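In: A predicted structure for the sequence below; I have some questions about it.
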Amino acid sequence: MRLWALSIFLGALALRLATLGAEAIWYDEAFTAAMTRLPLSDMLGAIQGDVHPPLWYLIESGFVALLGSSPFVLRLPAALASSLAAVQGYELLRGLAGDKSGRLAGILLGILPGQLHYGQDARMYALLTLLVLVGIRLALAHKWLALGAILAVMNWTHNLAPAYTVLFGVWALIGGRRRALPGLLLAAGLTLPWLAPALRQAGQVGVGFWLGGLANVGSALYWLYFTTLFNRLPGWAAFGGFMVSAAVTMVSIYQSARHWRKLWPLALFGFGPAALLTGVSLAWRPVLLDRALLPSGAVVIGLWAAGLPLLSAPLRRVLAAFAAPTASLALVSFFIYGLNTGSPIPAPILARWQEGDALYHMSLTSALITDYYLPDHPAYILPETGDLAQSLSDVTKDHMGLLERQLHVPALAQRGIVRLWVLYDDTPMTSDVEREMFAYLIGRYPVIAEWIYPESPMDTVIVALLDISNASLPGLLPTVPRLCAGARPCLSHP
Amino acid sequence: MMTFSRYGEYVAALAARDNLVWLAFFATLSVLVFLLGLRLWPRVQRVAAWLWIGVFYALMGFVYLSWGVSP
């Protein structure tokens, strides 16, 4: 058995390490990296103004301090947590449904792209998955005190962890009664210091938060596909992917229903958190974050592993013929499509950079990502960019040293900057102020050169090199003319 | 208060995706219920299941051909 556990761990880890540092980091990972660069007091201050608890950033800081800040190192804690989660899935299912199911759970958790992706992401979702799987095993073993400690760690890992910890709490109260109370009190006591900041963070999150609301029933079901087969399937195969994840789940539920007395925790943690978050989204504001349901996805994969071996041989062949090609395509697609290995820094910046140049970011997204790759290049940020509806609060920006870099162009000219590399990303998340200010800048200052990169139908990156040597300093901030009524006119010079 | 005039495109893209999700979900559910209904005739069920898989991959192939090779 130990050999199986070790094999699953090493196999899962090898698959995660194989391309761990290959992909360019994205905004959230750049934020993680930025946190690890800050002194502890500033890091904790910056986190208070953000939307996540500090535990993950403290773990990342430890790894960065020891091993450096490459993308590989930033993602290593997630790879380790995700590989350990595969082992926990193996142990959990072995205990609930036998060796065969245990092995299948471990293998599926190791290779399914949904779990694999977050095992290569410098964020806290793989850790949350590991904690939930450990928590289920502890609850099954009636180790309530240890469970209490794990629940507290979950609450310090992600602000949506209560979708799981509440269910654990109910389970402990019903299953352990008085014996579970010390554990629950421990969880409450250890969580208490984070309660006030968490509530403050929840209050700060604006109504225009980027998380989309529930459009239809599918919004509450998408996580099932996302956390298992993942969304790197090519567009033409996505519908098939939805069907496969739904079919395997339905067949597994049907097959394992007669063993519900043993398997009910899988149903509870597989579907309970999604139901809770859907309910909160309907009653309050959108909180159905698909990646926060990664632990539920892992538990559903456990349900697959419990149900599939119970199929009769002919039906197993039928289901395999249905699911295996799409699941294989999902895995192949994971490593081929969407693996964005190119540098996120536009090539002309590196090729034509000269003394007196500076970067000018229209959004915090490009600022944080570029800061990671080009920490020594002077970079400034449009003062009007971002609010918590899109990105960072002023508290966070202050601790990160971003506020002092938010300057208008005339102030940059006063600092001796001659040429400005303006980075503008036109997406549905771009605020109108950013769009209008970009149009204003390329109309107001001579454009030396401009590069347009259509990243996707909804996303166009524009780099404009401006000559600001003659920028004057007005007494007041420039009045922003409404140069573009919609998105598209802004892509050409006004 | 910031405004995001293109935000509707993001919401619309999500809604289109989620429409496909629930369509896939209920299509799957209906097929499985149909196959379950055939449990009394296992041989018919098996033939129906293989037929369904044939239709499924034929449809996927059709979408692939009309979509193009690129993802």
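Out: Ah, there it is. Numbers count the residues shown, from 1 in each chain, chains lettered A, B, ... in the order given.

In: and after the helix or strand encompassing A:Glu434, which helix or strand comes next?
Out: Here A:Glu434 is covered by helix A:432-444, with elements defined by DSSP states H and E. Sequence-wise, the next helix or strand downstream of helix A:432-444 (DSSP H and E) is strand A:447-456.

In: Which parts of chain B are helices?
Out: B:7-37, B:42-67 (DSSP state H).

In: got the buried residues for the last one?
Out: Of the residues in helix B:42-67, those buried by neighbour count under the rule 16 or more other CB atoms under 10 Å in any protein chain shown are B:45-46, B:48-49, B:52-53, B:56-57, B:60, B:64. To be clear about C-beta, it is placed using only N, CA and C from the backbone, and glycine gets the same treatment.

In: chain center to it, what's the gap?
Out: The chain centroid and the centroid of helix B:42-67 are separated by 12 Å under CA atoms, centre = their mean, to the nearest Å.

In: Taking helix B:7-37 as reference, get the angle to it.
Out: Orientation note: helix B:42-67 sits at an angle of 160 degrees relative to helix B:7-37 (axes from the mean of the first three to the mean of the last three CA atoms, to 10 degrees).

In: close to chain A, is helix B:42-67?
Out: Yes. Remark: helix B:42-67 sits within contact range of chain A at B:42, B:46, B:49-50, B:53, B:56-57, B:60, B:63-64, B:67, by CB under 8 Å from any CB of the partner chain.

In: Could you dump the helices of chain B into JSON lines with mean pLDDT and distance to A:Leu160 added?
Out: Shown next, in JSON lines, are those (pLDDT from 0 to 100; distance: least, CB to CB, whole Å):
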{"stretch": "helix B:7-37", "mean pLDDT": "87", "distance to A:Leu160": "19"}
{"stretch": "helix B:42-67", "mean pLDDT": "82", "distance to A:Leu160": "34"}
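
In: Adding distance to A:Ala180, write these out as CSV.
Out: Formatted as CSV, those follow (distance: least, CB to CB, whole Å):
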stretch, distance to A:Ala180
helix B:7-37, 36
helix B:42-67, 45
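
In: what residues does stretch B:36-54 touch?
Out: Here stretch B:36-54 makes contact (CB atoms under 8 Å, 6 or more residues apart in numbering or on different chains) with A:254, A:314-315, A:318, A:321-322, B:31, B:34-35.

In: Swap in 7 Å and give it another go.
Out: A:314, A:318, A:321-322, B:31, B:35 (CB atoms under 7 Å, 6 or more residues apart in numbering or on different chains).

In: which of those residues are buried?
Out: Buried by 16+ other CB under 10 Å: A:318, A:322, B:31, B:35, out of the contacts of stretch B:36-54.

In: Tell me the one of these nearest A:Ala347?
Out: Checking the buried ones among the contacts of stretch B:36-54 against A:Ala347 with CB to CB, the nearest one is A:Phe322 at 44.5 Å.

In: Which residues are in contact with the closest one?
Out: A:Phe322 neighbours (CB under 7 Å, 6+ apart): A:244, A:247, B:53, B:56.

In: Relative to A:Leu329, how far out is whatever residue of the stretch 51-200 of chain A ends up closest to chain B?
Out: Going by CB to the nearest CB, chain B is nearest to A:Pro113 of the stretch 51-200 of chain A, at 13.8 Å. According to CB to CB, to the nearest Å, A:Pro113 stands 10 Å off from A:Leu329.

In: For those two, indicate the residue with more neighbours.
Out: A:Pro113 (24 against 21; other CB atoms under 10 Å in any protein chain shown).

In: ranges for the helices of the stretch 301-450 of chain A?
Out: Using DSSP state H, counting those that start in this stretch, the helices of the stretch 301-450 of chain A run over A:313-336, A:347-352, A:364-373, A:394-399, A:409-414, A:432-444.

In: Please report the distance of the closest residue in space to A:Met35 that isn't next to it in sequence from A:Pro71.
Out: Nearest non-adjacent residue to A:Met35, counting by CB to CB, 6 or more residues apart in numbering or on different chains: A:Tyr57, 4.3 Å away. Distance from A:Tyr57 to A:Pro71, counting by CB to CB: 16 Å.

In: Compare these two and say which is more crowded by neighbours.
Out: Shown here are A:Tyr57 and A:Pro71; by other CB under 10 Å, A:Tyr57 has more neighbours (24 against 19).

In: would you say that one is within a helix?
Out: Yes. Counting by DSSP: H, G, I helix; E, B strand; the rest coil, A:Tyr57 is located in a helix.

In: before we move on, back to that, got the contacts of A:Phe322 as a markdown table, with distance to A:Ala305 columns?
Out: Converted to a markdown table, the contacts of A:Phe322 look like this (distance: CB to CB, whole Å):
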| residue | distance to A:Ala305 |
| --- | --- |
| A:Val244 | 16 |
| A:Ala247 | 16 |
| B:Ile53 | 22 |
| B:Phe56 | 23 |
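
In: just the residues you listed now: which is nearest A:Arg405?
Out: Closest to A:Arg405, out of all of the contacts of A:Phe322 and judged by CB to CB, is A:Val244, at 47.3 Å.

In: Can you check what angle separates the host helix or strand of that closest one from helix A:313-336?
Out: A:Val244 belongs to helix A:235-256 when assigned by DSSP H and E. Interaxial angle of helix A:235-256 relative to helix A:313-336 (the same axes, to 10 degrees): 140 degrees.

In: Please see if helix A:235-256 touches chain B.
Out: Yes. Against chain B, helix A:235-256 shows contacts by CB under 7 Å from any CB of the partner chain at A:235-240, A:242-243, A:246-247, A:250-251.

In: ditto for stretch A:396-412
Out: No. Against chain B, stretch A:396-412 shows no contacts by CB under 7 Å from any CB, the least distance being 14.7 Å.

In: what is the residue nearest to A:Asp425 when sequence neighbours are not counted paired to in the beta sheet?
Out: In this structure, A:Asp425 finds its nearest non-sequential neighbour in A:Val461, 5.1 Å apart by CB to CB, 6+ apart. A:Val461 has the following beta-bridge partners by DSSP bridges: A:Asp425, A:Tyr453.
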